[in-house]
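Enquirer: got a sequence here, can you build the structure:
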Amino acid sequence: MKTILKTGLSVAILSLLAACGGGNEDNKPQRLSMLVDFDKGVTGWAGGTADYTPETAPVNVKFEAKALPAPLTGKGYLIGGTNQSDDLFVFVKKQFTGMEKNGVYNVTFSVKFASSVPSGCFGVGGAPGEAVWVYAGATATEPKAITTNDGYIRMNVDRGNQGGGGKEGDILGNIANGQACGGTPAFASKTLKSEKPLKVTADANGAVWLMLGIDSGFEAYSEIILQSVEMDAVPVTL
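Expert: Next up is the predicted model:
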């Protein structure tokens with residue numbers, strides 16, 4: 001059985017599986033799907049940055065609900081910042097409940113966002129489109145930026161870095177929008193999906209943190225406007 005939970009609110013919370021009712025089949029861990037639509041708001045989401053030293057801290061960091069520029073319609077969640085070194089991770093996070101307590105799931109993501117960055121352009125440190133990667137992850141541990149012993153600001157979870165994923169986060173693709181370089185920049189929507197699942201263990205309350213972000217090797221300002229994210233979680237026992 002697959003429990004599909006879609007909501008128009010960005011504050012979507014997964015329902016407890018017990019709501020499915022009794023019976024042996026319903027007592028088993030269920031497959032879950034969750035859709036977050038940022039057109040309806042960004043309540044409960046929080047942002048942060050990582051992968052720099054205090055001397056190369058990013059500027060122009062933005063986390064805000066924003067109307068999508070024409071020709072797109074609706075609203076989304078803008079995340080962005082200026083990379084002043086050769087690496088910058090800009091992320092947003094939110095905790096969701098409703099999974100099995102300490103349950104283990106194979107999780108995949110589908111992220112839709114708007115980007116004005118054409119494909120095939122050159123830039124300092126890397127291409128403004130192809131060298132800015134989109135990440136998604138889920139973990140029982142709250143994702144935070146911490147200061148390490150070497151003085152760098154890093155993530156406290158293994159989400160990977162730039163073009164490679166980690167145990168708690170994975171790269172979905174880049175922000176290049178498919179338009180030709182050299183023309184008039186225009187926003188276009190792009191959807192990226194997981195190529196492989198992440199194995200995620202919920203905490204003792206059945207909660208996980210969802211994390212979305214961009215990791216820039218382009219040494220200037222980068223942004224996307226998140227439109228929606230769908231997370232599909234399949235118990236490893238199925």
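
Enquirer: what mean pLDDT does the longest strand anywhere in the chain get?
Expert: What stands out as the longest strand in the chain, according to DSSP state E, is strand 221-235. The average pLDDT within strand 221-235 is 97.

Enquirer: what strands flank it, and is each parallel or antiparallel?
Expert: Counting by DSSP bridges, the strands paired with strand 221-235 are strand 31-37 (antiparallel), strand 75-82 (antiparallel), strand 104-115 (antiparallel).

Enquirer: how far away from the center of its chain is the first one?
Expert: Same thing as strand 31-37. 14 Å (CA atoms, centre = their mean, to the nearest Å).

Enquirer: how about the longest one?
Expert: Relative to the chain's own centre, strand 104-115 is displaced by 7 Å; criterion: CA atoms, centre = their mean.

Enquirer: gap between the one residue sitting closest to the centre of the chain and residue 77?
Expert: Central residue of the chain (CA atoms, centre = their mean): residue 212, 1.6 Å from the mean position. Distance, residue 212 to residue 77, using CB to CB, to the nearest Å: 9 Å. Glycine gets a C-beta too; all of them are placed from N, C-alpha and C.

Enquirer: joint contacts of these two?
Expert: 92, 226 (CB atoms under 8 Å, 6 or more residues apart in numbering).

Enquirer: still on that earlier bit, between the strands paired with strand 221-235, which gets nearest to residue 54?
Expert: Among the strands paired with strand 221-235, strand 75-82 comes nearest to residue 54, with 15.3 Å by CB to CB.

Enquirer: shaky segments in this structure?
Expert: Along the chain, segments meeting pLDDT under 70 span 1-27, 125, 160-164, 238.

Enquirer: just the helices in it please.
Expert: Taking DSSP state H as the test, none of the chain falls into helices.

Enquirer: just to revisit the earlier point, what is the distance between the longest strand of the chain and the centre of its chain?
Expert: Distance of strand 221-235 from its chain centroid, counting by CA atoms, centre = their mean, is 5 Å.

Enquirer: okay, now residue 199: neighbour count?
Expert: A count of nearby residues for residue 199, using other CB atoms under 10 Å, gives 12.
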